[in-house]
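Visitor: from the sequence below, what's the structure:
(one chain, ligands or ions: 1)
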Amino acid sequence: AQSIEDLTQNALQELSQIDNPDELEQWRVRILGRRGELTGILRGLAQLDLEERRQVGALGNQAKAALEEGLEKRGRDISEARLAQVADLERIDVTLPGRPVATGRLHPTTQVLREITDAFVAMGFSIVEGPEVEWDHYNFEMLNIPQGHPARDMWNTLWVDYPMLLRTHTSPMQARVMESVQPPVRVIVPGKCYRYEATDATHEWHFYQVEGLAVDEGITFADLKGTLYEFARRLFGTERKVRFRCDYFPFVEPGVDMSIDCFSCSGWIEIMGAGMVHPRVLAGVGYDPEKYTGFAFGLGPERIAMLKYGIDDIRHFYSNDLRFLRQF
Ligand SMILES: Cc1ccc(OCc2nc(C(=O)N[C@H]3CCS(=O)(=O)C3)cs2)cc1
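Guide: The predicted structure is shown next:
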């Protein structure tokens with residue numbers, strides 16, 4: 001009887017120290033299990049005489065009940081403590097704003113390219129693209145820039161293997177188009193171009209260009225001005241004014257550059273070049289310069305984006321820094 005009393009007190013004392021399910025299970029097995037201490041004592045009852053067996057048996061059952069109740073309670077306390085701890089850790093504040101879903105996005109150059117081409121497509125131009133690796137013949141000679149002409153110095157060329165080169169502008173594709181179709185021609189040529197130049201805040205060795213060409217009977221400089229004025233208004237707002245000033249490009253005559261009025265200062269911002277297609281270029285593709293005239297233009301989408309978004313360094317576009325790209 002005494003040993004049952006002692007065992008019960010010790011076991012309950014140990015139980016109160018247990019704070020995890022594994023130790024609790026070990027305690028249960030050690031005390032109440034098939035080969036547990038209490039189970040052992042109760043098995044020993046068979047040796048006692050009837051009277052003693054009844055007394056000790058009753059004690060044993062009380063002890064068993066007390067221990068099982070203690071086990072049950074301890075188990076509940078441990079799981080409640082565990083739940084309270086987890087509840088604190090995994091608390092969800094439902095009043096927090098939702099996390100923005102990280103969505104994919106178009107590169108800023110692509111966005112501006114699409115704005116530019118959309119504006120001209122809306123005016124009846126078709127988009128064509130051409131090879132980035134070109135021949136001197138299409139990149140220069142067909143554009144009235146013969147071998148040895150100083151105008152070649154306007155472009156620092158990356159030669160693949162002379163006379164093969166990386167195109168310095170998208171103009172060769174306009175020559176290719178005119179070679180293969182008769183007027184009327186209205187094309188827009190977006191694409192990557194390359195120059196052998198040290199990179200700095202406004203120069204990248206690889207960049208995009210969008211050039212355009214319209215050739216038909218009776219096209220005049222007024223058509224050039226009207227088309228580009230409409231383009232500027234579509235891209236920079238209808239309150240924009242434009243200014244044309246003389247400029248030289250070997251493949252047009254007269255050549256101009258076009259500026260828009262600065263929306264925040266009193267100055268003029270140059271956004272593109274243009275001109276009437278040089279008669280020698282028309283003749284070179286087999287068009288009769290007495291019958292057909294045309295205008296052409298060229299602009300740099302990175303420069304347009306820099307103007308539009310206030311970007312101060314062209315190198316941001318292709319340095320793959322997500323902190324920059326995520327803003328668009
Ligand atoms: C057969 C053909 C005939 C004429 C052509 O004239 C394309 C033209 N481009 C420009 C021009 O100013 N270009 C530059 C502006 C900024 S930029 O991106 O660096 C390129 C003027 S006229 C092209 C092809």
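
Visitor: enumerate the residues of the stretch 151-300 of the chain near the ligand.
Guide: Within the stretch 151-300 of the chain, the positions near the ligand by C-beta under 6 Å from any ligand atom are 169, 171, 174-175, 209, 211, 213, 249, 251-252, 272-275, 277, 281, 296-300. The way it works is simple: take the backbone N, C-alpha and C, and place the C-beta from them, glycine included.

Visitor: and the end-to-end length of stretch 92-110?
Guide: This stretch, stretch 92-110, spans 40 Å end to end (C-alpha to C-alpha, to the nearest Å).

Visitor: can you check stretch 170-187 too?
Guide: End residues of stretch 170-187 are separated by 12 Å (C-alpha to C-alpha).

Visitor: tell me which residues in it are buried?
Guide: 170-178, 183, 185-187 (16 or more other C-beta atoms under 10 Å).

Visitor: mind giving me JSON lines with these and columns for secondary structure?
Guide: Formatted as JSON lines, those follow (DSSP: H, G, I helix; E, B strand; the rest coil):
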{"residue": "Thr170", "secondary structure": "coil"}
{"residue": "Ser171", "secondary structure": "helix"}
{"residue": "Pro172", "secondary structure": "helix"}
{"residue": "Met173", "secondary structure": "helix"}
{"residue": "Gln174", "secondary structure": "helix"}
{"residue": "Ala175", "secondary structure": "helix"}
{"residue": "Arg176", "secondary structure": "helix"}
{"residue": "Val177", "secondary structure": "helix"}
{"residue": "Met178", "secondary structure": "helix"}
{"residue": "Pro183", "secondary structure": "coil"}
{"residue": "Val185", "secondary structure": "strand"}
{"residue": "Arg186", "secondary structure": "strand"}
{"residue": "Val187", "secondary structure": "strand"}
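
Visitor: which members of the residues of the stretch 151-300 of the chain next to the ligand occur in helices, if any?
Guide: Ser171, Gln174, Ala175, Val281 (DSSP state H).

Visitor: what stretches of this protein score poorly on pLDDT?
Guide: The chain contains residues with pLDDT under 70 at 1.

Visitor: who's in contact with stretch 249-258?
Guide: 143-145, 149, 151, 171, 221, 224, 228, 232, 242-248, 270-279, 281, 295-297 (C-beta atoms under 8 Å, 6 or more residues apart in numbering).

Visitor: sorry, slip of the keys, the one I care about is stretch 292-300.
Guide: Outside stretch 292-300, the residues touching it (C-beta under 8 Å, 6+ apart) are 116, 169-171, 174, 183, 185, 207-221, 223-224, 227-228, 251-252, 258, 271-277, 282.

Visitor: from the residues you listed, which would you call buried?
Guide: Buried among those by 16+ other C-beta under 10 Å: 116, 169-171, 174, 183, 185, 207-215, 219, 223-224, 227-228, 251-252, 258, 271-277, 282.

Visitor: any idea how far the helix ranked longest in the chain is from the chain center?
Guide: Longest helix in the chain by number of residues (criterion: DSSP H): helix 50-89. Going by C-alpha atoms, centre = their mean, to the nearest Å, the spacing between the C-alpha centre of helix 50-89 and its chain's C-alpha centre is 61 Å.

Visitor: check stretch 263-280 too.
Guide: The answer for stretch 263-280 is 32 Å, by C-alpha atoms, centre = their mean.
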